[in-house]
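Student: the following comprises the amino acid sequence and a computationally predicted model.
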Amino acid sequence: MTATTREYVTFRISDQLFGLSVIEIHDVFRPTRMTPVPLSGLEIAGVLNLRGRIVTAIDARSRLGLPPRVKDKQDQMLAIGVEYGGESFGLVVDEIGEVVRLEEADMEQNPVNLDATWSSVSRGVYRLDDRLLVIMDIDRMLAGASGADAAAAA
């Protein structure tokens with residue numbers, strides 16, 4: 001990997017393909033035995049123990065104002081483990097894709113016609129052969145997800 005190449009883990013939320021830099025990701029996992037958090041916002045799917053760490057699970061669809069995903073009996077939750085403001089989070093997404101290597105110089109600013117919801121959590125986009133890859137800004141995605149944003153702002 002050269003200095004001008006970045007690796008991204010791709011994932012889907014609704015019909016949109018997103019990417020998150022590999023260096024920002026701690027884990028990709030299937031959450032099990034999630035504990036609900038009373039009186040929390042709808043975007044808090046719950047908390048779980050991931051190898052001895054307490055992780056807050058954030059429902060990406062809810063966080064972005066999207067309807068809940070229709071689940072079938074074989075459907076299993078998928079999450080991307082990240083850190084924000086000194087806390088561990090699991091971003092619950094619809095589907096995990098692959099790792100792609102892309103040239104930094106090929107990243108473009110958000111197009112003016114990009115959905116405002118996607119644009120609000122985007123660092124930029126890559127035009128792939130058959131789709132648009134939105135590079136997620138995890139700080140924007142998780143801002144306000146806990147008391148961590150107040151600590152990060154101080």
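Tutor: Great, that's in hand.
Student: measure the residue most central in space within the chain to Thr117 for me?
Tutor: Centrality entry for the chain: nearest residue to the mean C-alpha point is Leu91, 4.9 Å, by Cα atoms, centre = their mean. From Leu91 across to Thr117, the span is 15 Å (Cβ to Cβ, to the nearest Å). C-beta here means a position set from N, CA and C on the backbone, and glycine is covered the same way.
Student: so Arg53 bridges to which residues?
Tutor: Leu50 (DSSP bridges).
Student: I figured it was touching Ser88, is that so?
Tutor: Yes. Using Cβ atoms under 8 Å, Arg53 is in contact with Ser88, at 5.1 Å.
Student: the two: which has the busier surroundings?
Tutor: Ser88 (17 against 13; other Cβ atoms under 10 Å).
Student: list the contacts for the more buried one?
Tutor: With contact set as Cβ atoms under 8 Å, 6 or more residues apart in numbering, Ser88 has these partners: 26, 50, 53-56, 81-82.
Student: by neighbours, which of the residues you listed wins?
Tutor: Val55 (24 neighbours).
Student: what helix or strand does that one sit in?
Tutor: Using DSSP states H and E, Val55 sits within strand 53-59.
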